[in-house]
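S.K.: Test case, fold it:
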Amino acid sequence: MTAPAALDHRTSGYSLRHAYCLAQACALAYKNQPAIEQQAADWGFDRVRHHESRFTPPFPLQDTQAYTLASDHMIITAFRGTEPAQIKDWLTDGTAPPRQGPGGTGRVHDGFAEALDSIYPELKATLEEWRTDGQSVWFTGHSLGGALAMLAGARLYLEEPRLAADGVYTFGQPRTCDATLAAAYNRGFKDRMYRFVNNNDVVPQLPPEPFYTHVDALRYIDSSGEVHASMPLIGGLTDRARGLTADPFAPAGDGIRDHFMDSYLKVLKKNLD
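M.R.: Model prediction:
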């Protein structure tokens with residue numbers, strides 16, 4: 001993992017540096033609990049809580065994992081993702097009917113919603129316990145974790161607005177909801193939601209349209225590693241044509257290489273440098 005950067009606990013609004021710090025929090029979610037707790041202390045957080053659930057077949061995911069860090073000024077919840085090879089069939093399955101969205105708004109991917117449900121009560125209780133003095137709250141996640149971060153933000157905003165997050169940053173997030181929920185989310189999280197997509201990353205292209213769509217606030221990383229506030233139509237097509245293989249899930253393909261959390265860290269660090 002790229003060398004950690006110091007988190008500014010008083011930050012507000014969008015910045016690439018904050019994006020890089022939250023990307024590091026996403027990478028940390030793949031580590032074990034002692035490693036998370038040690039890094040939390042190094043970042044100046046005095047409270048850590050782990051959220052974890054286990055599923056049994058036939059549910060397609062083995063577990064849902066996240067952690068929450070808190071200090072006097074900032075709270076971060078980072079949701080763990082899963083490897084692309086493990087979610088290939090699940091992501092491409094467009095036959096599973098979506099369920100009703102948070103607060104009765106729109107529809108969401110049933111698998112994502114069930115994964116969030118398994119840890120949501122504990123997450124909500126943690127925020128209620130720790131957000132005692134107006135701390136900023138940030139949700140972040142990579143891959144599946146990005147979908148969970150977005151849905152957790154939507155659920156709190158629509159059902160528990162007093163606990164609504166100040167910002168949501170996702171990396172390699174799959175399509176998560178329908179157009180109705182996306183529109184409500186875009187209104188509620190204008191200038192607070194940032195969805196990073198690294199060039200040919202295959203996961204943001206799934207599950208298939210038209211049942212599922214993305215929220216706005218794209219931050220597109222082109223083939224040279226530069227971050228853009230949108231994906232240029234012609235330039236985006238050219239970028240995504242480079243390095244593609246017949247199977248975007250092939251280990252040697254851009255679709256997988258660009259999805260790795262370490263790839264996001266490297267390009268964000270490059271932009272800071």
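
S.K.: ok, longest helix in the protein?
M.R.: The longest helix of the chain (DSSP state H) is helix 144-159.

S.K.: Now do it, average pLDDT.
M.R.: In this model, helix 144-159 has a mean pLDDT of 96.

S.K.: Can I get the next helix-or-strand element following it in PDB? Just the C-alpha atoms.
M.R.: Next helix or strand after helix 144-159 toward the C-terminus (DSSP states H and E): strand 167-171. The C-alpha trace of strand 167-171 is given here as PDB (Å, rounded to 0.1, in the frame of the first residue of the first chain):
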ATOM      1  CA  GLY A 167     -19.600  13.400   2.300                       C
ATOM      2  CA  VAL A 168     -19.400  10.100   0.400                       C
ATOM      3  CA  TYR A 169     -16.400   9.100  -1.700                       C
ATOM      4  CA  THR A 170     -16.400   5.800  -3.600                       C
ATOM      5  CA  PHE A 171     -13.800   4.000  -5.700                       C
END
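
S.K.: for strand 167-171, what is the average pLDDT?
M.R.: For strand 167-171, the per-residue pLDDT averages 98.

S.K.: Now the longest helix of the chain: buried residues?
M.R.: Counting neighbours by 16 or more other C-beta atoms under 10 Å, one finds that the buried residues in helix 144-159 are 144-158. (C-beta placed from N, C-alpha, C; glycine too.)

S.K.: from those, which is closest to residue 227?
M.R.: Residue 227 lies nearest to residue 146 out of the buried residues of helix 144-159, by C-beta to C-beta, at 16.4 Å.

S.K.: Can you give me the separation between that closest one and residue 153?
M.R.: Residue 146 is 11 Å from residue 153, where distance means C-beta to C-beta, to the nearest Å.
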